[in-house]
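Chemist: okay, here's the prediction I keep looking at, along with the sequence it came from:
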Amino acid sequence: MSDTPLLKVKSVSKFYGQRIGCKEVSFDLWPGEVLAIVGESGSGKTTLLNCISTRLLPTTGSVEYTMRDGSIRDLYHMGEAERRFLMRTDWGFVHQNPADGLRMTVSAGANVGERLMAVGNRHYGNIRATATDWLGRVEIDADRIDDAPRAFSGGMRQRLQIARNLVTGPRLVFMDEPTGGLDVSVQARLLDLVRGLVNDLGLSAIIVTHDLAVARLLSHRMMVMKDGHVIEQGLTDRVLDDPREPYTQLLVSSILQV
Ligand SMILES: Nc1ncnc2c1ncn2[C@@H]1O[C@H](COP(=O)(O)OP(=O)(O)OP(=O)(O)O)[C@@H](O)[C@H]1O
């Protein structure tokens, strides 16, 4: 592992008027590390994810990111064009609802290929070959390449969204409840796939989930949120097997009967 964190989140708070979205959250994310943010509905997970990924501007705090060239940049002080380029190339964002991350009326191949074009690929044959390869990696048959995702099942759509995000070789992927809304059997298969890809590609990831089983399977480290605050964080196995905070103990005993 490198000796520089990929991401440094410092005292990030977001208020919606008087209401707390998230408060004073700080942590480092290391290259190749997968962090799960868990908590009940309304605890501030999505607010925090959106602040870190610059989709939302926090009220206070900063986030530093180590660029590919090793320089460290403050994400909230980056120019809009550079930030957009970073989001398109170095980052991925997997939404809970695939329709938010896909273009539902263009073909599966184009959904993957247009990300390649966005980073400068122009050769149609290469783009199609890479798209075909990525569809295979997410277990979508090559003969579906010209079908639009609206003709796909929920699980296939989510796998396509993952391919679209990973095709450009990002270093950091944000995922918001990536298996939410899917059948249990479909979830299990998707989790296996995500775990394999994250490992193979050595990706860093921040995954928001209310499902502790998802955190257990995918993450190295986890943060537990309650009312906008991080109340406990640590290695995932430690937090789940030996929770220190009474609230985490309650969460683990009520949800994770394993
Ligand atoms: N746009 C908004 N305007 C006002 N309050 C908001 C807004 N978005 C979120 N909140 C409030 O901020 C708090 C945290 O919400 P957030 O959506 O981040 O939680 P969450 O843990 O992601 O919940 P869920 O799992 O249900 O999505 C809640 O009290 C919520 O009502």
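Modeler: Sure, I can see it.
Chemist: other residues contacting the host helix or strand of residue 110?
Modeler: According to DSSP states H and E, residue 110 maps onto helix 108-118. Residues outside helix 108-118 that contact it (C-beta atoms under 8 Å, 6 or more residues apart in numbering) are 88-89, 102-103, 106, 127-128, 130-132, 134-135, 140, 144-149, 152, 160, 163-165, 167-168. To be clear about C-beta, it is placed using only N, CA and C from the backbone, and glycine gets the same treatment.
Chemist: who does the closest residue to residue 233 other than its chain neighbours form a beta bridge with?
Modeler: Using C-beta to C-beta, 6 or more residues apart in numbering and skipping residues adjacent in sequence, the residue nearest residue 233 is residue 223, 4.2 Å away. With DSSP bridges applied, residue 223 shows beta-bridge pairing to residue 37, residue 233.
Chemist: residue numbering should commence at 35 henceforth.
Modeler: Sounds good: first residue 35 from here, last item residue 257.
Chemist: what sits against residue 257?
Modeler: 59, 61, 69-72, 264, 266-267.
Chemist: now render those residues as a markdown table, adding neighbour count, distance to the ligand and pLDDT.
Modeler: Output for those, formatted as a markdown table (neighbours: other C-beta atoms under 10 Å; distance: C-beta to the nearest ligand atom, whole Å; pLDDT from 0 to 100):
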| residue | neighbour count | distance to the ligand | pLDDT |
| --- | --- | --- | --- |
| 59 | 25 | 11 | 98 |
| 61 | 19 | 16 | 97 |
| 69 | 23 | 15 | 98 |
| 70 | 26 | 13 | 97 |
| 71 | 28 | 8 | 98 |
| 72 | 27 | 9 | 96 |
| 264 | 20 | 12 | 98 |
| 266 | 20 | 15 | 97 |
| 267 | 18 | 16 | 97 |
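Chemist: so which of the contacts of helix 142-152 sit within helices?
Modeler: Among these, DSSP state H puts 122-123, 161-162, 164-166, 168-169, 194, 197-199 in helices.
Chemist: what subset of those is buried?
Modeler: 123, 161-162, 164-166, 168-169, 194, 197-199 (16 or more other C-beta atoms under 10 Å).
Chemist: sorry, back to before: just how off-centre is the helix holding residue 144 within its chain?
Modeler: Centre-to-centre, helix 142-152 and its host chain are 19 Å apart (C-alpha atoms, centre = their mean, to the nearest Å).
Chemist: about what we covered before: and which of the buried ones among the ones in helices among the contacts of helix 142-152 is nearest the ligand?
Modeler: residue 199 (20.0 Å; C-beta to the nearest ligand atom).
Chemist: nearest spatial neighbour of the closest one, skipping sequence neighbours?
Modeler: Excluding the flanking residues, the one nearest residue 199 by C-beta to C-beta, 6+ apart is residue 126, at 3.2 Å.
Chemist: sheet partners, orientation included, of whichever strand or helix holds that neighbour?
Modeler: Using DSSP H and E, residue 126 sits within strand 125-128. Partner strands and pairing direction for strand 125-128 (DSSP bridges) are strand 206-210 (parallel).
Chemist: contacts for the following helix or strand past the partner strand next, please.
Modeler: Toward the C-terminus, strand 206-210 is succeeded by helix 218-235 as the next helix or strand (DSSP H and E). With contacts defined as C-beta under 8 Å, 6+ apart, helix 218-235 is touched by 68, 171-173, 187-189, 192-193, 196, 200, 203, 207, 209, 212-213, 216, 237, 239, 248, 251-252.
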